[in-house]
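[1] Prediction below, plus the sequence it came from.
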Amino acid sequence: MFMNADAIVALPGGPGSLDELFEVLTWRQLGLHEKPVLLLNVAGYWDPLVALLDHIVAHGFADAAFRASLSVVGSVAELIAELRRRLS
């Protein structure tokens, strides 16, 4: 599925969603792809994760480029707009 995708979007979910999200973020960090990676943060669902990623960067365990590789959007409308912008 990844090979046929133009972008990666993580929706609110559980351990499987986290596993897949971190897998594609790691692949991006390793230079294995340049596909946009987006996190749909409806009603702040992913706020704790975003705060953790910012914490990891602030403490030097990842660089700012790692955090910047993940675009966080708060609604489906924002997601569509960001996908159009990134893929055009």
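    Structure received. Bear in mind the structure is a predicted one, so any value in this text is a computation, not a measurement.
[2] Give me the helices and strands touching the longest helix along the chain, please.
    Longest helix in the chain, counting residues (DSSP state H): helix 15-29. Under the contact criterion of 3 or more CB pairs under 8 Å, 6 or more residues apart in numbering; DSSP states H and E, helix 15-29 touches strand 8-10, strand 37-40, helix 64-68. (Each C-beta comes from the backbone N, C-alpha and C, glycine too.)
[3] worst average pLDDT in these?
    Of all those, the minimum mean pLDDT falls on helix 64-68 (a mean of 94).
[4] that older thread, save the helices and strands packed on helix 15-29 as JSON lines, and put in distance to Phe2 and mean neighbour count too.
    Shown next, in JSON lines, are these (distance: least, CB to CB, whole Å; neighbours: other CB atoms under 10 Å):
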{"stretch": "strand 8-10", "distance to Phe2": "7", "mean neighbour count": "19"}
{"stretch": "strand 37-40", "distance to Phe2": "11", "mean neighbour count": "20"}
{"stretch": "helix 64-68", "distance to Phe2": "19", "mean neighbour count": "12"}
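[5] of all the ones you listed, which lies closest to Arg84?
    strand 37-40 (11.8 Å; CB to CB).
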